[in-house]
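In: return a 3D structure for these sequence lines:
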Amino acid sequence: MVESILERLPNLMRAHSPKDTDNDTVALAAFQARFHSEEACADYLIAQKWPNGFICSRCSHTTASRINTRRLPLLECGHCHYQASPTVDTIMENSSTDLRKWFTA
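Out: Coordinates of the predicted model:
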């Protein structure tokens, strides 16, 4: 295993070509276009957390209202009124750092 890593070391340490830099620039521009705002980042988190639609973690109800009165939106269960945040159970929970910074990190 050590030999395998040592054999690949020259390839791992090679300098990036200008083409690699161009690809990185294009990828960064596409990333910044997709996650251009805090709302776009929050929408992405919501879609990832509830890919098949909202399901309340307290009562399993499937309808919710979106509350946009805070920096980050909350989804409020239509049955038990539990308010769910898209950042709960993530490294972004309880953070005041802008989601765009988290996404870029």
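
In: and the helices in the chain, which stretches?
Out: Using DSSP state H, the helices assigned to the chain run over residues 2-12, 18-34, 38-49, 99-104.

In: any idea how far Phe103 lies from Thr87?
Out: Spatial separation of Phe103 from Thr87 under the definition C-beta to C-beta, to the nearest Å is 12 Å. Placement of C-beta: from N, CA and C, glycine included.

In: do Arg66 as well
Out: Computed with C-beta to C-beta, the distance linking Arg66 and Thr87 is 15 Å.

In: which one of these two is surrounded by more residues?
Out: Neighbours per residue (other C-beta atoms under 10 Å) separate Arg66 from Thr87, with Thr87 holding more: 17 against 11.

In: just to revisit the earlier point, rank the helices of the chain by mean pLDDT and give me the bottom one.
Out: Mean pLDDT across these is lowest at helix 2-12; the value there is a mean of 53.
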